[in-house]
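Visitor: dropping a prediction and its sequence here:
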Amino acid sequence: MTPMAIAQLGEPILRQRAQPVTDPTDPAIQTLWQRMLVTMEAAGGVGIAAPQVFESLRLMIIASRPNARYPDAPQMAPVVLINPEIIATGGEPCTFVEGCLSVPGIRGQVTRPSEVEIRYLDIQGQPQQLNLTGFPARIFLHEYDHLEGRTFLDQVASPADLIAQSVWEKQCQSA
Ligand code: ZN
């Protein structure tokens, strides 16, 4: 499977509210999430949402793992979430410098809840519930924003919280 094209900032699809998946077991949906996984891994992402590959559907993958883009990320097996819903958020709000495969070259400081309780359908179409904390919770909330037509740029408190990828990398190496 070859990676898919990733929608970049300015593409209208990134501003649209994505539609629910009607049949998670549809072969087209099964192919879509597998291609999204390949695309995410090829790009060094820790999550991806369907609108980022030009499919306006409520489907996302979260897959925290240490890599060049997020050296300190915890390891987790990828989870495919179909029609995810937020039941509750909580915990201490936490600030972190986020990046996005659809926003090349720029990162930004974003404050988000540190815990999120969610429900979703798995790839068999079965309802599941999950509590996420820390980095995986952040990934989920970032990807959920994509389903709502938002990016992390909508979540930064001020333009002063934006930082070039190259500067962020320098800071990381010197830290
Ligand atoms: Zn993103």
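Guide: Looks like it arrived, so ask away.
Visitor: all strands for the chain, in order.
Guide: Using DSSP state E, the strands of the chain run over 47-49, 59-62, 79-90, 94-100, 103-112, 115-121, 127-133, 162-164.
Visitor: Arg69 is nearest to which of the ones you listed?
Guide: strand 94-100 (6.1 Å; CB to CB). In this view, the C-beta of every residue, glycine as well, is placed from N, C-alpha and C.
Visitor: CA atoms of the closest one as PDB?
Guide: In PDB, the C-alpha atoms belonging to strand 94-100 read as follows (Å, rounded to 0.1, in the frame of the first residue of the first chain):
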ATOM      1  CA  CYS A  94      -1.600  20.600  30.100                       C
ATOM      2  CA  THR A  95       0.400  22.600  27.500                       C
ATOM      3  CA  PHE A  96       2.500  21.000  24.800                       C
ATOM      4  CA  VAL A  97       4.100  22.000  21.500                       C
ATOM      5  CA  GLU A  98       2.000  20.300  18.800                       C
ATOM      6  CA  GLY A  99       2.600  19.700  15.200                       C
ATOM      7  CA  CYS A 100       0.400  18.500  12.400                       C
END
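Visitor: residue contacts, Gly134?
Guide: For Gly134, the contacting residues are Pro74, Cys94, Ser114, by CB atoms under 8 Å, 6 or more residues apart in numbering.
Visitor: what is the neighbour count of the last one?
Guide: Okay, so that is Ser114. 19 (other CB atoms under 10 Å).
Visitor: how close does the residue lying closest to it once chain neighbours are set aside get to Leu81?
Guide: Among residues not flanking Ser114 along the chain, Gly91 sits closest, at 3.5 Å (CB to CB, 6 or more residues apart in numbering). The spacing between Gly91 and Leu81, counted by CB to CB, to the nearest Å, is 20 Å.
Visitor: okay, those two: which has more neighbours?
Guide: Leu81 (26 against 13).
Visitor: and the closest residue to Arg69 other than its chain neighbours, how close does it get to Val53?
Guide: Counting by CB to CB, 6+ apart, Gly44 is the residue found nearest to Arg69 once chain neighbours are left out, at 4.7 Å. Distance of Gly44 to Val53, computed by CB to CB: 15 Å.
Visitor: who does the longest helix along the chain touch, helix- and strand-wise?
Guide: Longest helix of the chain, by residue count under DSSP state H: helix 27-43. For helix 27-43, the elements it packs on are strand 47-49, strand 59-62, strand 79-90, judged by 3 or more CB pairs under 8 Å, 6 or more residues apart in numbering; DSSP states H and E.
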